[in-house]
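Q: here's a sequence, model it:
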Amino acid sequence: MPEFPKFADTALAMPAAVYSPFADRLHDHPGPIYPLHVGDTWLEPFAGGRMQDLTVEAHPGMHRYVDTRGIPPLVDAIVDKVRSRNGLACERENVLVCAGATGALACIAGAIVKPGDEVLILAPFWPLIRGIVQAFGGVPVEVPFYDRVDTQEAALEAVRERTTSKTVALYVSSPSNPTGRVLSEAWLTALAEFARERDLWLVSDEVYEDIVYRGTPFSPGRVAPERTLSVYSFSKSFGMAGNRTGYLVGPHEAVDQARKLATHTFYGAPTAGQLAAVEALESGTPWLEAARTQYREVAERTAKVLGLPAPGGSTFFFLDVSARLDGRGMMGFLEDCFEDGVLVAPGQSSGTDYADWVRLCYTAVPPERVAEAVDRLAARLTS
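A: Sure thing, here's the model as predicted:
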């Protein structure tokens with residue numbers, strides 16, 4: 001007989017407060033708050049791509065259901081973009097518009113992961129990918145990587161050591177959330193060739209492709225198109241996180257299976273968000289270029305204050321705070337930061353080997369407020 005209440009093991013195994021254990025206490029904090037724990041931007045989208053710019057007169061039916069693949073103008077624009085900018089061979093059947101990149105990655109996991117299958121995840125990683133794999137009964141296998149390997153040979157060996165007969169996929173993020181590292185074309189090519197050699201799916205998280213300060217983004221789907229599932233987002237490139245619009249590009253057989261998952265979970269990405277995404281691809285580039293310049297200035301100032309190398313891309317710093325931990329451990333450090341009004345994400349959300357690290361997003365609040373928050377954090381680190 002079933003026991004009530006009894007919850008699924010997959011749900012019980014997933015982490016809950018991945019970004020900050022203090023987020024629920026924000027409204028009770030007596031002083032200024034600097035929420036640097038979630039990756040977002042304080043900037044509003046470009047004029048023409050905001051919700052108030054979209055009207056029923058211009059877009060009849062904008063509040064209705066649409067094709068589950070995505071609205072045709074957006075799918076066509078994505079095909080053109082992916083061909084010209086990412087160098088991928090792409091047709092409409094290779095595209096699926098999703099409820100954010102998060103939705104796309106969940107649909108991928110549902111399509112390729114069976115209970116007990118292992119997914120290699122280069123660590124430190126985006127905090128939600130581990131739980132997404134677990135949600136479908138998969139086993140996330142963490143590969144200490146971005147801060148641990150410095151040669152292509154070492155990178156391949158790190159992945160090879162953790163590959164077993166149960167491994168079905170390799171998850172790669174470049175530019176990296178949370179380290180800001182941009183993997184080179186040579187490294188990504190080698191990883192794609194490894195996936196082909198071991199007959200693995202390659203899941204390429206490229207949501208920060210437009211936030212690159214040094215180095216050149218490269219889509220490994222150019223190397224192994226038959227097995228690469230590439231994920232992109234309008235959230236990071238155009239300040240549209242609340243619109244929940246991202247997309248998946250890959251072999252049509254895999255996209256077809258992912259589309260089934262999408263239909264049975266969120267059905268389709270928000271229609272208004274898709275309309276805004278069309279505007280972004282058509283006229284959002286000047287906004288993006290200005291935002292990237294501003295982000296880079298904040299990143300360089302933050303790096304100088306914290307005594308860290310400037311990131312190659314993305315919108316994060318990932319730092320080791322082990323020297324400042326006392327008997328209270330990480331929770332004590334996070335509590336001290338919260339007293340200063342500064343919220344940062346615990347590093348363990350990005351990998352079990354990173355319990356003494358924290359992640360901060362330097363675009364979540366305006367630059368002057370980031371400067372205040374980083375000065376407060378630096379004071380904690382040097383006191």
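Q: show me where this structure has helices.
A: Here the chain has its helices, by DSSP state H, at 9-13, 72-81, 100-112, 127-135, 152-161, 185-197, 234-238, 252-263, 271-283, 285-306, 329-339, 367-382.
Q: least confident of the ones you listed, on average?
A: Between those, the one with the least mean pLDDT is helix 9-13; it has a mean of 84.
Q: now the nearest residue to Asp340 once chain neighbours are set aside: how far from Phe338?
A: Distances taken as Cβ to Cβ, 6 or more residues apart in numbering put Arg376 closest to Asp340, at 4.4 Å, once the chain neighbours are dropped. C-beta here means a position set from N, CA and C on the backbone, and glycine is covered the same way. Separation of Arg376 from Phe338 (Cβ to Cβ, to the nearest Å) stands at 11 Å.
Q: quick one on the thing from earlier: output the helices of the chain in a markdown table; the columns should cover distance to Gly221 and mean neighbour count.
A: A markdown table is the format used below for the helices of the chain (distance: least, Cβ to Cβ, whole Å; neighbours: other Cβ atoms under 10 Å):
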| stretch | distance to Gly221 | mean neighbour count |
| --- | --- | --- |
| helix 9-13 | 29 | 12 |
| helix 72-81 | 13 | 18 |
| helix 100-112 | 13 | 25 |
| helix 127-135 | 18 | 22 |
| helix 152-161 | 18 | 15 |
| helix 185-197 | 8 | 19 |
| helix 234-238 | 18 | 26 |
| helix 252-263 | 12 | 18 |
| helix 271-283 | 19 | 21 |
| helix 285-306 | 22 | 16 |
| helix 329-339 | 37 | 17 |
| helix 367-382 | 34 | 17 |
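Q: quick one: Tyr34 and Asp320, what's the gap?
A: According to Cβ to Cβ, Tyr34 stands 21 Å off from Asp320.
Q: what about those two, which has more around it?
A: Each of Tyr34 and Asp320 has its neighbours counted (other Cβ atoms under 10 Å); Tyr34 has more, 23 against 13.
Q: need the overlap of contacts for Arg376 and Phe338.
A: Common neighbours of Arg376 and Phe338, using Cβ atoms under 8 Å, 6 or more residues apart in numbering, do not exist here.
Q: quick check: Gly221 vs Glu57, distance?
A: 39 Å.
Q: ok, the two, which is more surrounded?
A: Taking neighbours as other Cβ under 10 Å, Gly221 and Glu57 compare with Gly221 leading, 27 against 7.
Q: make CSV out of the helices of the chain and add distance to Gln348.
A: Below are the helices of the chain laid out as CSV (distance: least, Cβ to Cβ, whole Å):
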stretch, distance to Gln348
helix 9-13, 15
helix 72-81, 35
helix 100-112, 20
helix 127-135, 9
helix 152-161, 20
helix 185-197, 25
helix 234-238, 23
helix 252-263, 28
helix 271-283, 32
helix 285-306, 20
helix 329-339, 7
helix 367-382, 18
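Q: which one, of those helices, ends up nearest to Tyr171?
A: Proximity to Tyr171 (Cβ to Cβ) singles out helix 127-135 among the helices of the chain, at 6.0 Å.
Q: hmm, who's touching the closest one?
A: Taking Cβ under 8 Å, 6+ apart as the rule, helix 127-135 contacts 10-11, 13-15, 18-19, 102, 105-106, 109, 113, 119, 121, 139-140, 142, 171, 205, 345, 349-350.
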